[in-house]
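Provide a 3D model corresponding to the input given below.
(one chain, ligands or ions: 1)
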Amino acid sequence: MSNYHIKHLEEYYQVYRKSIRCPEHFWEEIAEEHFMWQKKWNNVLSWDFSKPEIKWFEGAKLNITENCIDRHLATRGNKTAILFEPNNPSELAEHITYKQLSERVNRFANVLKQEGIKKGDRVCIYLPMIPELAISVLACARIGAIHSVVFAGFSATALSTRINDSDCKMVITSDGSYRGPKTIDLKGIVDEALESCSGVNSVLVAKRIHSGINMQNGRDKWLQPLLDEASIDCKAEIMDAEDPLFILYTSGSTGKPKGMVHTTAGYMVYTAYTFKNVFQYKEDDIYWCTADIGWITGHSYIVYGPLANGATTVMFEGVPSYPDYGRFWEIVEKHKINQFYTAPTAIRALAKQGLEVVEKHDLSSLKVLGSVGEPINEEAWHWYNDNIGKKQSPIVDTWWQTETGGIMITPIPFVTPTKPTYATLPFIGIQPTLMDENGNEIKGNQVSGRLCVKFPWPSIARTIWGNHKRYKDTYFSAYENKYFTGDGALRDEVGYYRITGRVDDVIIVSGHNLGTAPIEDAVNEHPAVAESAIVGFPHDVKGNALYGYVILKDVGETRDHNNLRKEINQIITEHIGPIAKLDKIQFTEGLPKTRSGKIMRRILRKIAHNDISNLGDTSTLLNPEVVQSIIDGKKNADNTNW
Ligand code: PRX
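Below is the predicted model of the structure:
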């Protein structure tokens, strides 16, 4: 029996039990048989969640790009590694074979070296979804530089915070990006960000939209001429198993974004193994994940996981609505996509468009459908299942996080019977558990609680860049000896998990994690604002949208409230990015507070949800009278259209 590729439910249970009984032995076998090592490990796993410290495959030497590229050259040199589908459908798609990918990554790696980048240096990548993005990620890995990809929808302020936090020496960007009918001046955003980043002395610029941009002498260089001059050979840097591979920022409920650090060997083994099984990838399949490489889904399941399996992975530059809402289905037909992995928010937006745009296209190549990033509601699940999968392609509802590196709870298609809205069973090697509020493990089925994991898996993030204490406090302090996910979940009568959502102040909007604190900080920057509180409320496309309660400094403020709303959202766009804009803003004279001065978000959430019949006990509040005035004032937020 090959433990690498699971094909039946009985086999899943067998392999699962084995992976739990002796995880070290299990992962050693997988690592040994399916990857290329320069030197094997001395010890498979050492861990201590109280420190916390986790090490997998200690002593091993490898380079992840040899696993993702070089080892495929002999057998798959002419196979398409990356299939690039441009924003504009009339521009030709580009097929980059493994051989071409090898040459392009090596050239890029040589350019990085020539520009003074060395093993361990941090490189910020701020690029649209063009081949250079995947190639620069791999080029960093080739030479042991730590990549920090920042999603190219983030603002200049958000970009500079991330560049400074991890002390990046270089930024890789482009002269702009296409987004549907629009172009975006990425280089302008980088220029603005770098005004407050003294550590960056080099900017490499890829040409994409051919706009006239400003190049700063001595700092900025066009990428292409450097690549043209560079050699197609670049020896892979030999890395330790636990050397950092990348940093990727995710929002926390408070404070600055957290730079999650992923290391080399464990991340490689786990993303490759999950990719193979969760998508049941077969040699000639064409796999498409619609995420952006700026998020963890793109790192693990557009770049590393698929390439480690020698797969063909599609990179799509555009958006689902351009030139019309049939674009995804047009691409599925055009490239005969076999596995399609997207987010519930996209499914809901597309479901709204009616079936004509779907029915125009031949979707018969599809075998597996995936969902990620937020809970998928029942209606969206059925729409996806009925109209896209035609009830023939199982939906894998994959639960995981930036911090987990890879998929944690998921059906295995054709193996695990699916159930709408359930992520179903833990993946091989994963030991989830539910905890109650008193710190006790909840045993048995048909229960709900806070989702934790009891045992390390190979791709767990090892720390927060520059702040190990925060890593410990956030993930390992709520429950002794357990990794706390921040999510609530329930377990049904057969042991299937359903993720119910965040239990902290992180709100997932269109599949993007947003912490309320940084958005409140941005709102409070407005000169007229005294204080604010942000909560989520249900939205039929985005899953959640943001509701802001804002206290103005001057109660008699006479300025037009809709203008103020626009200005507040403009500040949010500048500080974070358009994804964090508020859908509703209610101006209020007070916020419900506890006697110790803490805002009672529970009450604000209920009001935003229109669930005011059961607000709980408000008598212990410092200012109980404010609750009724907020309820009365809500219509202002609901009725405005700005
Ligand atoms: O709340 C969970 C939700 O997304 C959070 C992680 O967000 P992020 O780090 O941005 O990673 C997203 C892509 C892996 C989780 O804590 N989440 C993710 N997938 C699901 C989900 N909630 C329900 N069902 C899912 N399948």
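
Dig out what residue 545 forms beta bridges with.
Residue 545 has these beta-bridge partners by DSSP bridges: residue 537.

And the pLDDT for it?
Confidence at residue 545, expressed as pLDDT, is 96.

Now do the contacts for it.
Neighbour list for residue 545: 509, 536, 537, 538, 539, 583, 584 [criterion: Cβ atoms under 8 Å, 6 or more residues apart in numbering]. Where you see a C-beta, it was placed from the backbone N, CA and C, and this is true even at glycine.

Next up, the contacts around the second one.
By that I understand residue 536. Residue 536 is in contact with 507, 508, 509, 544, 545, 546, 547, 605, 608, counting by Cβ under 8 Å, 6+ apart.

And the first one, by the same measure?
Taking Cβ under 8 Å, 6+ apart as the criterion, residue 509 is in contact with 536, 539, 542, 543, 544, 545, 546, 579, 580.

any chance of these in a markdown table, with distance to the ligand too?
Output for the contacts of residue 509, formatted as a markdown table (distance: Cβ to the nearest ligand atom, whole Å):
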| residue | distance to the ligand |
| --- | --- |
| 536 | 12 |
| 539 | 15 |
| 542 | 13 |
| 543 | 9 |
| 544 | 10 |
| 545 | 16 |
| 546 | 16 |
| 579 | 12 |
| 580 | 14 |
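
and of these, the nearest to residue 102?
Distances from residue 102 to the contacts of residue 509, taken as Cβ to Cβ, are shortest for residue 579 (35.1 Å).

Contact partners for the closest one?
Per Cβ under 8 Å, 6+ apart, neighbours of residue 579: 153, 509, 510, 512, 514.

Let's see the pLDDT reported for it.
93.

Let's verify the closest residue to the ligand within the stretch 51-200 of the chain: helix, strand, or coil?
The minimum distance from the stretch 51-200 of the chain to the ligand, using Cβ to the nearest ligand atom, falls at residue 151 (10.4 Å). Classification of residue 151 by DSSP: H, G, I helix; E, B strand; the rest coil places it in coil.

Okay, helices next: where are they in the stretch 501-642 of the chain?
Assigned by DSSP state H, counting those that start in this stretch, the helices in the stretch 501-642 of the chain fall at 516-524, 561-575, 601-608, 625-639.

got CSV for the ones you listed, with mean neighbour count too?
Formatted as CSV, the helices of the stretch 501-642 of the chain follow (neighbours: other Cβ atoms under 10 Å):
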stretch, mean neighbour count
helix 516-524, 21
helix 561-575, 17
helix 601-608, 20
helix 625-639, 15
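
Could you save these as TSV and add columns showing mean pLDDT?
Formatted as TSV, the helices of the stretch 501-642 of the chain follow (pLDDT from 0 to 100):
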stretch	mean pLDDT
helix 516-524	92
helix 561-575	95
helix 601-608	92
helix 625-639	87
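
which one of those lies closest to residue 170?
helix 561-575 (24.1 Å).

now that closest one, how far from the centre of its chain.
Averaging C-alpha positions (Cα atoms, centre = their mean, to the nearest Å) puts helix 561-575 26 Å from its chain's average.

Ok, stretch 543-555 next?
Using Cα atoms, centre = their mean, the offset of stretch 543-555 from its chain centre is 27 Å.

Would you mark the buried spots in that stretch?
By neighbour count on 16 or more other Cβ atoms under 10 Å, the buried set for stretch 543-555 is 543, 544, 545, 546, 547, 548, 549, 550, 551, 552.

same thing with stretch 356-366?
Within stretch 356-366, the residues that count as buried by 16+ other Cβ under 10 Å are 357, 358, 363, 365, 366.

And stretch 44-62, by the same measure?
44, 45, 49, 52, 54, 55, 56, 57, 60, 61, 62.

can I see the domain layout of the protein?
The chain breaks down by automatic domain parsing into domains covering 62-319+398-475, 508-514+522-638.

mean confidence for stretch 105-117?
pLDDT averaged over stretch 105-117 gives 98.

So which residues make contact with that stretch?
With Cβ under 8 Å, 6+ apart, stretch 105-117 has contacts from 65, 69, 123, 132, 135-136, 138-140, 142-143, 145, 169-170, 202, 204, 221, 223, 226-227, 230-234.

6 Å instead?
Contacts with stretch 105-117, where a contact means Cβ atoms under 6 Å, 6 or more residues apart in numbering, come from 135-136, 138-139, 142-143, 145, 202, 226-227, 230-234.

can I get the CA coordinates of that stretch in PDB?
This file holds the C-alpha atoms of stretch 105-117, laid out as PDB (Å, rounded to 0.1, in the frame of the first residue of the first chain):
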ATOM      1  CA  VAL A 105      14.200  30.700 -12.100                       C
ATOM      2  CA  ASN A 106      17.900  30.300 -12.400                       C
ATOM      3  CA  ARG A 107      18.400  33.500 -14.400                       C
ATOM      4  CA  PHE A 108      16.300  35.300 -11.800                       C
ATOM      5  CA  ALA A 109      18.300  33.800  -9.000                       C
ATOM      6  CA  ASN A 110      21.500  34.900 -10.600                       C
ATOM      7  CA  VAL A 111      20.100  38.400 -10.900                       C
ATOM      8  CA  LEU A 112      19.300  38.400  -7.200                       C
ATOM      9  CA  LYS A 113      22.800  37.300  -6.300                       C
ATOM     10  CA  GLN A 114      24.300  39.900  -8.600                       C
ATOM     11  CA  GLU A 115      22.200  42.600  -6.800                       C
ATOM     12  CA  GLY A 116      23.700  41.500  -3.500                       C
ATOM     13  CA  ILE A 117      21.000  39.300  -2.100                       C
END
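
What is the distance between it and the centre of its chain?
Per Cα atoms, centre = their mean, the centroid offset for stretch 105-117 relative to its chain is 27 Å.

Over to stretch 488-502?
21 Å.

what's the span of it, first residue to last?
6 Å (Cα to Cα, to the nearest Å).

That stretch: which residues count as buried?
Under 16+ other Cβ under 10 Å, the buried positions of stretch 488-502 are 488, 489, 490, 491, 496, 497, 498, 499, 501, 502.
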